[in-house]
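Peer 1: predicted coordinates and the sequence they were generated for:
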Amino acid sequence: MQLALKYRPTSIDDIAGQEHLLGSNGILRKLLDTNAMTHAFFYGPAGCGKTTLARIIAKIIKSPFYEMNATTLKIEEIRTIFKNHTNSLQKPLIFIDEVHRLSKTQQEVLLPFMERYDGIILGASTENPYYTLTAAVRSRSHLFELHYINNEKMFVLLEKILLKENIQITEDAKKYIVHSSSGDARAMLNLLDSASKIDSSITLSTLKSLRPFALQSGSSEAGTHYDLASALIKSIRGSDIDAGLYYLARLIEGGENAAFIARRLAILASEDIGNANPNAVMLASSVLNIVEHIGYPEARIPLAQLVIYLASSPKSNSAYVAISDAQKHVQNGVILPIPSHIKPNSAEYLYPHNFGGWVDQEYLKKQIPLYKTKMIGFEKTLNEWHEKITFKKK
C-alpha cells in the first residue's frame, strides 16, 4: 500500500496542522463536539487534508458517506441519493471535490436539499469559494480555509513514518523532501514512497532525480505567503519597481495562485493610486481577467507588466480615505433624511441635463465634507472638471 494511503489520518487528532479549525479551541472541532455540523466548503492548497477531513467528519457524525468529483458529477446521482434516504434515520453526507468546477445550474440543484437539510453537503477546492460558489450556496453553508502544513509539522510526520517503516535517509535528503514538498503532505509521502523503493538508504541525489525542483504549490515557511504579499504591495506603494518584481517572482516561484496576486494588485490600484491614474484599476481588471484564463507560466508576464505600471504610477489614496470617512459617519449614527425632491418620481427634482449639465440643488440635508483631492496626477484634471461643472472658482 502506498504510504500516502497507509498513513492517511483517521481521526481529527491525526490531522497535521489546521489548529485554527481543529485545535482545542478550533471552530470546526466545536461544531463537531456539539453535534452542530452543517453544510461546509473547505478550500486550501493540495495535500493539506481537505478530503481526509470530510471523511473523518462523516465518521464522527455516523453518516452514510458519498464521495464525488464535480468534474464527473451528475445531478441525477444527487437526487437518487437523497431519495434513497427519504425515510432513513441517517441523513447522507455528500462530499464534492473540485467544487469550484460546479456549474451554476448544478449549484442551484443543490439549494433545495441544502435548504431542507435532507443531508449535509461538504465540498473541497483549491480555489476560494467566495469567488466560485453562488451567493445562495454560500449563504447556506460555512466556508473554512485550510492552510499549508508548515515545515515543523511536516518534519514530525516524516520522522514518524520513517521510524514506523524503518526507512533510512540522509539528513540533507530529509530537509529536501520536506522543503520541496511545499506543505503538501501527500506529495511528500509519494516522493518518500518512490525513493524508498529505489534506495535502501535514501539520498539527496535520488530525491532530486525524482523531483528536480520544489513543488510550485505554496511557500515552504509558515507566514511567508502573507509576508510576501505584504512586501509586494508595500514595495509598489513605495514606487520601487525592482522590489515589486522581486517579491512577485518570490510569490510565483512559491506557487502562489496568479488570481490571488492579481486581486491584491487590483485592490492596490484603487486604494493607493485611484484617480491619480484611473487607467491603473482598468489595467488591473484586465490582468485579473487574463490570469484567470491563461494561468502559469504565461500569467507571470501580465502580472509583471502590471507591477511595473502600478509602481510607476502617481499615488493617491483620496478615494480610500473618502469612503472610509463616509462609512465612519454612518457607523457613528449620522443618518440624514433623503431630500424629498431626489426621491423616486418627485416632480420637484431638477434634471441637470435640462440646465446644461448642472443645476444648484440640495442632495444632502447637511453638508459633510468627505472627499479631499490631493491634486496628484489625473486628480488635478478631475478637480478642474468638477470646478468648471459646478461653476466654482478658486
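Peer 2: All right, it came through fine.
Peer 1: CA atoms of the helix or strand bottoming out on mean pLDDT in the chain as PDB?
Peer 2: Every helix and strand of the chain was ranked by mean pLDDT, DSSP states H and E. The lowest is helix 129-132, at a mean of 81. Provided in PDB are the C-alpha atoms of helix 129-132 (Å, rounded to 0.1, in the frame of the first residue of the first chain):
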ATOM      1  CA  PRO A 129     -15.300  29.600  -2.800                       C
ATOM      2  CA  TYR A 130     -16.100  33.300  -2.300                       C
ATOM      3  CA  TYR A 131     -15.400  33.600  -6.000                       C
ATOM      4  CA  THR A 132     -16.500  30.300  -7.300                       C
END
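Peer 1: residues in contact with it?
Peer 2: Helix 129-132 has contacts (Cβ atoms under 8 Å, 6 or more residues apart in numbering) with Phe41, Tyr43, Val99, His100, Gly123, Ser125, Arg138, Leu143, Ala259. Backbone N, C-alpha and C define where each C-beta goes, glycine included.
Peer 1: what do you get if the cut-off is 6 Å, keeping everything else the same?
Peer 2: The contact list for helix 129-132 (Cβ atoms under 6 Å, 6 or more residues apart in numbering) reads Phe41, Tyr43, His100, Leu143.
Peer 1: then stretch 103-113?
Peer 2: Residues contacting stretch 103-113 (Cβ under 6 Å, 6+ apart): Ile75, Phe82, Thr134, Ala136, Val137.
Peer 1: ok, 10 Å please
Peer 2: Contact with stretch 103-113 is made by 39, 70, 73-76, 78-79, 81-82, 92, 94, 96, 99, 102, 114, 118-121, 123, 132-134, 136-141, as judged by Cβ atoms under 10 Å, 6 or more residues apart in numbering.
Peer 1: list the buried ones in the least confident helix or strand of the chain?
Peer 2: Of all the residues in helix 129-132, those buried under the rule 16 or more other Cβ atoms under 10 Å are Pro129, Thr132.
Peer 1: which strands or helices does the next helix or strand after that helix pack on?
Peer 2: Later in the chain than helix 129-132, the nearest helix or strand by DSSP states H and E is helix 135-139. Where contact means 3 or more Cβ pairs under 10 Å, 6 or more residues apart in numbering; DSSP states H and E, helix 135-139 is packed against helix 104-116, helix 129-132.
Peer 1: how about the ones you listed in TSV, adding distance to Ile273?
Peer 2: Putting these into TSV (distance: least, Cβ to Cβ, whole Å) gives the following:
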stretch	distance to Ile273
helix 104-116	34
helix 129-132	23
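Peer 1: Lys175 is nearest to which of the ones you listed?
Peer 2: Evaluated over the helices and strands packed on helix 135-139, closeness to Lys175 peaks at helix 129-132, with 34.6 Å, by Cβ to Cβ.
Peer 1: may I see the buried residues of the helix or strand containing Ile301?
Peer 2: In the assignment (DSSP H and E), Ile301 maps to helix 300-312. For helix 300-312, a neighbour-count test (16+ other Cβ under 10 Å) marks Arg300, Pro302, Leu303, Ala304, Leu306, Val307, Ile308, Tyr309, Leu310, Ala311 as buried.
Peer 1: how far away is the first one from Ile294?
Peer 2: Spelled out, that is Arg300. Per Cβ to Cβ, to the nearest Å, Arg300 is found 10 Å from Ile294.
Peer 1: list the contacts for the spatially most central residue of the chain?
Peer 2: What sits nearest the mean C-alpha location of the chain, by Cα atoms, centre = their mean, is Asn128, with 4.0 Å. Contact analysis of Asn128 by Cβ under 10 Å, 6+ apart lists Phe41, Tyr43, Gly44, His100, Leu143, Glu145, Asn257, Ala259, Phe260, Arg263.
Peer 1: and Ser139, by the same measure?
Peer 2: Leu111, Met114, Leu133.
Peer 1: circling back: per-stretch mean pLDDT over the helices and strands packed on helix 135-139, give me the minimum one.
Peer 2: Confidence, taken as mean pLDDT, is least for helix 129-132 of the helices and strands packed on helix 135-139 (a mean of 81).
Peer 1: chain center to that one: distance?
Peer 2: In terms of Cα atoms, centre = their mean, to the nearest Å, the centre of helix 129-132 is set 8 Å apart from its chain centre.
Peer 1: same deal with stretch 317-335?
Peer 2: From the chain centre to the centre of stretch 317-335 is a distance of 27 Å (Cα atoms, centre = their mean).
Peer 1: okay, buried residues for that stretch please.
Peer 2: Within stretch 317-335, the residues that count as buried by 16+ other Cβ under 10 Å are Asn317, Ser318, Ala319, Val321, Ala322.
Peer 1: again, but for stretch 50-63
Peer 2: Using 16+ other Cβ under 10 Å as the burial criterion, the residues of stretch 50-63 that qualify are Lys50, Thr51, Thr52, Leu53, Ala54, Arg55, Ile56, Ile57, Ala58, Ser63.
Peer 1: give me the mean pLDDT for the host helix or strand of the fourth one.
Peer 2: Looking back up the chat, that one is Leu53. Using DSSP H and E, the element containing Leu53 is helix 50-60. Helix 50-60 comes out with an average pLDDT of 92.
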